[in-house]
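Peer 1: A structural model of the following input is requested.
(6 chains)
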4 protein chains.
Amino acid sequence: MMKKREVQASVKDERLVQKRRDQMIKGAVTLFKQKGFHRTTTREIAKAAGFSIGTLYEYIRTKEDVLYLVCDSIYDHVSERLQQDLSLKSGTLASLKLGIANFFQVMDEMQAEVLVMYQEVKSLSKDALPYVLKKEMEMVAMFADLLTRCVENGELKLTEKQVDIIAHNIFVQGQMWGFRRWALRKLFTLEEYIALQTEILLSGISSEVSASQEVPQK
Amino acid sequence: MMKKREVQASVKDERLVQKRRDQMIKGAVTLFKQKGFHRTTTREIAKAAGFSIGTLYEYIRTKEDVLYLVCDSIYDHVSERLQQDLSLKSGTLASLKLGIANFFQVMDEMQAEVLVMYQEVKSLSKDALPYVLKKEMEMVAMFADLLTRCVENGELKLTEKQVDIIAHNIFVQGQMWGFRRWALRKLFTLEEYIALQTEILLSGISSEVSASQEVPQK
Amino acid sequence: MMKKREVQASVKDERLVQKRRDQMIKGAVTLFKQKGFHRTTTREIAKAAGFSIGTLYEYIRTKEDVLYLVCDSIYDHVSERLQQDLSLKSGTLASLKLGIANFFQVMDEMQAEVLVMYQEVKSLSKDALPYVLKKEMEMVAMFADLLTRCVENGELKLTEKQVDIIAHNIFVQGQMWGFRRWALRKLFTLEEYIALQTEILLSGISSEVSASQEVPQK
Amino acid sequence: MMKKREVQASVKDERLVQKRRDQMIKGAVTLFKQKGFHRTTTREIAKAAGFSIGTLYEYIRTKEDVLYLVCDSIYDHVSERLQQDLSLKSGTLASLKLGIANFFQVMDEMQAEVLVMYQEVKSLSKDALPYVLKKEMEMVAMFADLLTRCVENGELKLTEKQVDIIAHNIFVQGQMWGFRRWALRKLFTLEEYIALQTEILLSGISSEVSASQEVPQK
DNA sequence: GATGAATGAGCATTCATTCAT
DNA sequence: GATGAATGAATGCTCATTCAT
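Peer 2: As a prediction, the model looks like this:
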């Protein structure tokens, strides 16, 4: 796990800093969702967080810090959820399916946050960007690990490269649901989407027989 | 095909308008790539396009018009390329593979433009956004058509829903190469990426025997 | 009569200059009425006049020239109308009444133009302003002359100062009808206004008996 | 009395808002006098008021707000002065004369402000204009009241319409002194002007014998 | 003589950031 | 620690004027 990039605060009391930042992040996410990072003013963030503009600047140095804090917080939430699901599973096909399903579920729940993050990361300074990108790689790596364990267990037959690309695909298809929900919702429910993607993903890969009969035919 | 949303120009000469807008788009893409839409000033756009700020505003009404013009131009380029590839092909597996490969190729070539577009669309007004999103759906539909023809020819066995989701997947995996090249490049060349994705896509789907022997083993 | 302040034109043909300027003034008055001088652009003036912005500048040097031309033209019209009425009349009370009535009538007809002029004169340069103000004094002087002739004829008994102030009053009350028509119209018709003002003006001044029976009692 | 149209301020402290706006109005009047509303920039207003452009916008929303504030303030001053004079007087001829004299005096003192207002009101938005015009009607109404009381007391013999028109005349003659001082000053002192106008006004109207002996013969 | 594309100084307004209270 | 008034650089956009065709 990486060392956190520090955002400097004037206030000393660590507990207070955390509390204020949580308020700040909560307010900022709502605003960024609505209007994006650039169209949101620091005053609005302060107001949404429930304190004055002066106080806001006691806990951050620049507006960009808020974006970083938001991105960091989102990743923490998603990572945490994933870790719970993934780390404990043995390398079985069933656990893989569950992991994927849960990931898509998280992406659905945090859709707004994830959307915000992907549209605004590029606004992060050269300083913060790599940190955030590395976080993303960590999440892809979790899926790669899961797949690798399945391969080791003989449940899947994949080359290393295939493991990598499929891990990426899972991750991207999860994001896709968050990103393109406006289009996909017209075609599928989340459950259908999960079932279809899982089936396609595994159909050519698993040692099992094709699972096509599992696809819900709405 | 949709009717184009018009961007109003003060200048009457249509040929000149086209020329100046091309200069403008070219300059703007470069700048948006570097700094994003919001951090780019209209003055910078004018300068990059090779004319004065006053002249810029002879060809657009607002800064957002530039973004719209950029997005529109990107879609036109990509669509055009796709149409060439896709429309002429008969519904054979070979033609599908070619179509996918070409799409990924376009995404690689236009990576910067596509990246710009995806990070900035949300900055479009409520007026322009649906137009751009519809363009995207058109492109997904091209793949869906292609797949449907393969199904009709008996080369693939897919339900309608599967056609839809796979069309989306192809599209998103193309974008993924554009978006996440920074990560993927460390793992694959474009050719490998194309080969791997194609294989995974078709392995569980086609009526043929698994095509695993085609995967390049670098 | 003053020498006209010249507005320089690039075009030589005097007849053409006059024609184009008439178009220009007509268009400009309409626009100034609607939006005032400052909110009207030279492009709009050119368009309203029926030619291009380039052509506009063949006949004037600056935007302010248009305002001067407009003001000058309005004064010419009003002066001309007044001169017809006033100069020919002998110094009788009846002729005075007629003169006043006609002036108020003109002010009613040219209300828009006069309104424009009074709200925009201050925008004239230090160069043009005195010229326009002198025009105004000339018009006041016409009334003073008329009154003086009445005094000489024994129809009125007035000191010189009284002549001056009454001339001003007549002029200002005429303008008042133009300026404050929005308020006055709710109270009086033009005819009533003329009758009332005339009566008030003359009641304390003329050698006759009070003319109160002339007041229309609507 | 009308409800005030509110001009929104970001600053909360009402006392400070009033103080800053007073500074602002004072600076703005000076500038508008010199160059008119349109030729005055917001930066100049801020500077004249003694603070930065940013601070200016903490107390107004748009440049037009400054104009409105100026107009409003002028009316308040004039109204206040008038109210003191007019409201307390019984309906005697002497009090009427005093009222008129005081009004002309105010117009002389506030000449610059009044001039500014009359040349710039038309620049007010459709929102603010009616408010300002109504203020004007209120002032005319004060004179009408005064005249009516004189009629009731038998000091004047006037029809209702005559009351209305004379109230308007008084008001306009007051403004005339402010507006046309450049011309009138050559002919009269303020005192002479007041005396002459009062005499003319009352000579045909009052129940007294003509007051011509009161005219100052400078 | 007429046209209209090009120019760029100028302007209103915003907003991140600071700092005295 | 909290507040919010003050700041002024920065920005989108306008428009009078010019000049090559």
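Peer 1: how much space between the residue sitting nearest the centre point of chain A and chain C?
Peer 2: Nearest residue to the geometric centre of chain A (Cα atoms, centre = their mean): residue A:78, 4.6 Å. Look at residue A:78 and chain C: by Cβ to the nearest Cβ, to the nearest Å, they are 54 Å apart. In short, each C-beta sits where N, CA and C put it, glycine included.
Peer 1: where does residue A:127 land in three-state SS?
Peer 2: coil (DSSP: H, G, I helix; E, B strand; the rest coil).
Peer 1: ok, it touching residue A:5?
Peer 2: Yes: counting by Cβ atoms under 8 Å, residue A:5 is a contact partner of residue A:127 at 7.3 Å.
Peer 1: more crowded one of these two?
Peer 2: residue A:5 (13 against 10; other Cβ atoms under 10 Å in any protein chain shown).
Peer 1: Just the pLDDT for the nearest residue to the more buried one once chain neighbours are set aside.
Peer 2: Among residues not flanking residue A:5 along the chain, residue A:131 sits closest, at 5.0 Å (Cβ to Cβ, 6 or more residues apart in numbering or on different chains). Looking at residue A:131, its pLDDT stands at 80.
Peer 1: Residue A:207 too?
Peer 2: Value for residue A:207, per-residue pLDDT: 49.
Peer 1: Can you give me the distance of residue A:21 to chain D?
Peer 2: Between residue A:21 and chain D the distance is 26 Å, computed by Cβ to the nearest Cβ.
Peer 1: ignore the last one, residue A:72
Peer 2: When distance is defined by Cβ to the nearest Cβ, residue A:72 is 32 Å away from chain D.
Peer 1: Now that residue: which helix or strand?
Peer 2: Per DSSP states H and E, residue A:72 falls inside helix A:63-88.
Peer 1: Could you identify the helix or strand that succeeds that helix?
Peer 2: Remark: after helix A:63-88, the chain's next helix or strand is helix A:93-109, criterion DSSP H and E.
Peer 1: Which other helices and strands does that next one contact?
Peer 2: Applying 3 or more Cβ pairs under 8 Å, 6 or more residues apart in numbering or on different chains; DSSP states H and E, one finds that helix A:93-109 contacts helix A:63-88, helix A:129-152, helix A:160-179, helix A:190-203.
Peer 1: In that helix, which of the residues would be classed as buried?
Peer 2: Residues A:93, A:95-97, A:99-108 are the ones in helix A:93-109 that count as buried (16 or more other Cβ atoms under 10 Å in any protein chain shown).
Peer 1: with those residues in mind, which one is nearest to DNA strand E?
Peer 2: residue A:107 (29.0 Å; Cβ to the nearest atom of the strand).
Peer 1: you'd agree that closest one is up against residue A:114?
Peer 2: Yes: counting by Cβ under 8 Å, residue A:107 touches residue A:114, with 6.2 Å between them.
Peer 1: And the residue of chain A closest to chain D?
Peer 2: residue A:43 (9.0 Å; Cβ to the nearest Cβ).
Peer 1: where does that residue land in three-state SS?
Peer 2: helix.
Peer 1: residues near it, how many?
Peer 2: Around residue A:43 there are 12 other residues, counting by other Cβ under 10 Å.
Peer 1: Which residue is the nearest non-sequential neighbour of it?
Peer 2: Leaving aside its chain neighbours, residue A:43 sits nearest to residue A:53 (5.3 Å; criterion: Cβ to Cβ, 6+ apart).
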